[in-house]
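Colleague: Okay, predicted coordinates and the sequence, questions at the end:
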Amino acid sequence: MGGCPGDRRTAPAAGAALTARIARAQYTDRAPSVVGGVRTIAGLEWTAAVGDLDAAGTPAGPDTAYRIGSITKTFTAVLVMQLVADEAVALTDPIGEHLPELDLPGVSVQSLLTHGAGLYAETDGPWWERSAGLTWEQLLPSIRQAHIPASRFHYTNVGFAVLGQLVARLREKDWRDVLQERILDPLGLERTTYDRPGSGAHGFAVHPYADLVHDEPATDTGAMAPAGQLWSTAGDLLTFGQFLVRGAAEVLPDELRERMLVPTLVDDEPGERWARAYGLGVDVTNLGTARYVGHGGSMPGFQSALRADPESGDCAVLLMNSTAGIDLGATELIAELRRHVPLLPAAWQPAQQHSGDLDLTGTWFWGPRPHVATLHGPDLVLTPVGSGRGARFVRLARDRWLGQDGYFAGEPLQVHARGERSAYLDVGSFRFTRTPYDPASDIPGGVDDAGWH
């Protein structure tokens, strides 16, 4: 890898190009130090560091801990989803049902997770990120509404403080202790901590017009900790990112983990195209045809980014000790990797056994619009020819299936008169027949007696 600090198990050309990207950004944008990391499911990994951690010139390393700011929110969201898995709370529960001291009509657990609760973004009082942390009781006056719940995306740090208190209240332990027991220990995140470790980076602001730095405070944020307290390393965050897109059953059932990644509220920036949505404690970004999940973070003296590709499992991290940050995104590191190491699909292999559903494959018509049904493993996939509505379906019973995505997500598919000339598919009440408006099938509204003319 040409002596690049911290490079591990990736193609030399890719490692050199990735290191050059962060080195150029660190120099051009004048960040005291930058750490970058990329990891793939196939085992490729690169991490590198440039710059200094402190005024004494201590060099940054790939294992240096930085404050990760709002990436903490995704950890908090996982803790809440664990409560859902344990049936201690439901996403639809009013938050006041569990925290009765709050007067927040219409605010559900899910609305807090999606930044749709309408709460104010920040605390009522001094700049919380630079001030001594408040207790829960001291924070209560800041928990107030600026918007009608579920009316818009409005990012709220205070809302995640509420979710952290929900976790603490129902687990009967401090949020930080629950985090340690239920996420950090199971995933082996030994370098992710509540407080700054002794070897952690120092936070700096860089003067905009001179090569000078200003020390930034690193406070204990108290009741606001679930919104932005944590410190972590590139390696730990890569592990956490790959958990988000590939899972770990000992931490969270896949069904709930995948639900976190579904875009729920759009972040509508006036005058800009929609590129970002929010799931349950997770940012979802669209860049061209690629979708990434993860989160960004900032605290005084620090910027961070975690992004993962749910399709490939690729994950990237950027950490820096600069309030202003750099003009480089974590997704750009993934794109750089793929320029040198193309993503190859797994080799196609035939099915291990016959599903007995070949009679369902082929062309079906929704009115006059053709769709093609194919079998991929155990699933039935209905794909429009040109425009139309399609989806992947999983089997519930021999002739009953359930939609998994697209327009028909959660909708039933029922096979009628299988093997007969009058066979049809009922998909959420829509009829799909073997010929357009097949008179032998049960077509709601009937078929014109004159037929096609």
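Modeller: Looks like it arrived, so ask away. The structure displayed is predicted, hence computed values, not measured ones.

Colleague: Could you chop the chain up by domain?
Modeller: The record, using automatic domain parsing to delimit domains, assigns the chain the ranges 12-340, 358-433.

Colleague: Tell me how many other residues surround residue 403.
Modeller: When neighbours are counted by other CB atoms under 10 Å, residue 403 registers 22. Where C-beta positions appear, they are placed from N, C-alpha and C, glycine not excepted.

Colleague: And residue 203, by the same measure?
Modeller: For residue 203, the neighbour count with other CB under 10 Å is 25.

Colleague: That one reaches residue 300, doesn't it?
Modeller: Yes. Using CB atoms under 8 Å, residue 203 makes contact with residue 300 at a distance of 5.9 Å.

Colleague: joint contacts of those two?
Modeller: Here residue 203 and residue 300 share the contacting residues 216, 217, 218, 323, scored by CB atoms under 8 Å, 6 or more residues apart in numbering.

Colleague: residues in contact with the nearest residue to the second one once chain neighbours are set aside?
Modeller: Meaning residue 217. Distances taken as CB to CB, 6 or more residues apart in numbering put residue 130 closest to residue 217, at 5.4 Å, once the chain neighbours are dropped. By CB under 8 Å, 6+ apart, the contact set of residue 130 is 216, 217, 219, 300.

Colleague: can you put these in JSON lines and add secondary structure?
Modeller: Written out in JSON lines, the entries for these read as follows (DSSP: H, G, I helix; E, B strand; the rest coil):
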{"residue": "216", "secondary structure": "coil"}
{"residue": "217", "secondary structure": "coil"}
{"residue": "219", "secondary structure": "coil"}
{"residue": "300", "secondary structure": "coil"}
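
Colleague: Considering those residues, which is situated nearest to residue 155?
Modeller: Using CB to CB, residue 300 is the member of the contacts of residue 130 that sits closest to residue 155, with 17.8 Å.

Colleague: how far away is the closest one from residue 49?
Modeller: To residue 49, residue 300 is 21 Å away according to CB to CB, to the nearest Å.

Colleague: Which one's more surrounded, the two?
Modeller: Ranked by neighbour count (other CB under 10 Å), residue 300 and residue 49 place residue 49 first, with 27 against 19.

Colleague: partner residues bridging residue 400?
Modeller: Taking DSSP bridges as the rule, residue 400 bridges to residue 397, residue 414.

Colleague: my guess is it meets residue 415, correct?
Modeller: Yes. In this structure, residue 400 is within contact of residue 415 by CB under 8 Å, at 7.5 Å.

Colleague: more neighbours, those two?
Modeller: Higher neighbour count among residue 400 and residue 415: residue 415, with 20 against 13, using other CB under 10 Å.

Colleague: where are the low-confidence patches of the protein?
Modeller: 1-10 (pLDDT under 70).

Colleague: Tell me where it has helices.
Modeller: Counting by DSSP state H, one finds helices in the chain at the ranges 12-28, 71-85, 109-113, 136-139, 157-171, 175-179, 185-187, 225-228, 234-246, 254-260, 330-340.

Colleague: Kindly state which of the ones you listed is positioned closest to residue 35.
Modeller: helix 234-246 (5.1 Å).

Colleague: Leaving aside the residues adjacent along the chain, what's closest to residue 312?
Modeller: Going by CB to CB, 6+ apart, residue 312 has residue 343 as its nearest residue, at 5.4 Å.

Colleague: Give me the neighbour count for that neighbour.
Modeller: Under the neighbour criterion other CB under 10 Å, residue 343 is assigned a count of 15.

Colleague: So it is in contact with residue 309, correct?
Modeller: No. With contact taken as CB under 8 Å, residue 343 and residue 309 are classed as non-touching, separated by 9.1 Å.

Colleague: Using CSV, write down the CA coordinates of whichever strand in the chain runs longest.
Modeller: Taking DSSP state E as the assignment, the strand of the chain that covers the most residues is strand 290-299. Once side chains and other backbone atoms are set aside, the C-alpha atoms of strand 290-299 remain, and they are given as CSV (Å, rounded to 0.1, in the frame of the first residue of the first chain):
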residue,chain,number,x,y,z
ALA,A,290,-27.5,5.1,-5.6
ARG,A,291,-29.2,5.1,-2.2
TYR,A,292,-27.2,5.4,1.1
VAL,A,293,-28.1,5.2,4.7
GLY,A,294,-26.3,6.4,7.8
HIS,A,295,-26.0,9.7,9.5
GLY,A,296,-23.8,12.8,9.8
GLY,A,297,-22.6,14.5,12.9
SER,A,298,-21.2,17.8,14.2
MET,A,299,-20.2,19.1,17.5
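
Colleague: Tell me which other helices or strands it touches.
Modeller: helix 71-85, helix 234-246, strand 283-287, strand 302-308, helix 330-340 (3 or more CB pairs under 8 Å, 6 or more residues apart in numbering; DSSP states H and E).

Colleague: let's go with 10 Å and repeat that
Modeller: Taking 3 or more CB pairs under 10 Å, 6 or more residues apart in numbering; DSSP states H and E as the contact definition, the neighbouring helices and strands of strand 290-299 are strand 66-67, helix 71-85, helix 225-228, helix 234-246, strand 283-287, strand 302-308, strand 315-320, helix 330-340.

Colleague: where do the strands sit along the stretch 351-453 of the chain?
Modeller: Counting by DSSP state E, counting those that start in this stretch, one finds strands in the stretch 351-453 of the chain at the ranges 362-366, 369-376, 379-384, 391-397, 400-403, 412-416, 424-427, 430-433.

Colleague: any common contacting residues for residue 343 and residue 309?
Modeller: Common contact partners of residue 343 and residue 309 (CB atoms under 10 Å, 6 or more residues apart in numbering): 40, 41, 334.

Colleague: who wins for most neighbours among those residues?
Modeller: Taking other CB under 10 Å to define a neighbour, the member of the shared contacts of residue 343 and residue 309 with the most is residue 334, carrying 25 neighbours.

Colleague: could you dump the helices and strands packed on strand 290-299 to TSV with distance to residue 293?
Modeller: Below are the helices and strands packed on strand 290-299 laid out as TSV (distance: least, CB to CB, whole Å):
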stretch	distance to residue 293
strand 66-67	21
helix 71-85	9
helix 225-228	19
helix 234-246	6
strand 283-287	5
strand 302-308	6
strand 315-320	10
helix 330-340	11
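
Colleague: Looking at the shared contacts of residue 343 and residue 309, which is nearest residue 380?
Modeller: Sorting these by how near they are to residue 380, with CB to CB, puts residue 41 at the top with 26.6 Å.

Colleague: neighbours around residue 209, how many?
Modeller: Other residues within reach of residue 209, judged by other CB under 10 Å, total 5.

Colleague: repeat for residue 236
Modeller: Counted with other CB under 10 Å, the neighbours of residue 236 add up to 24.
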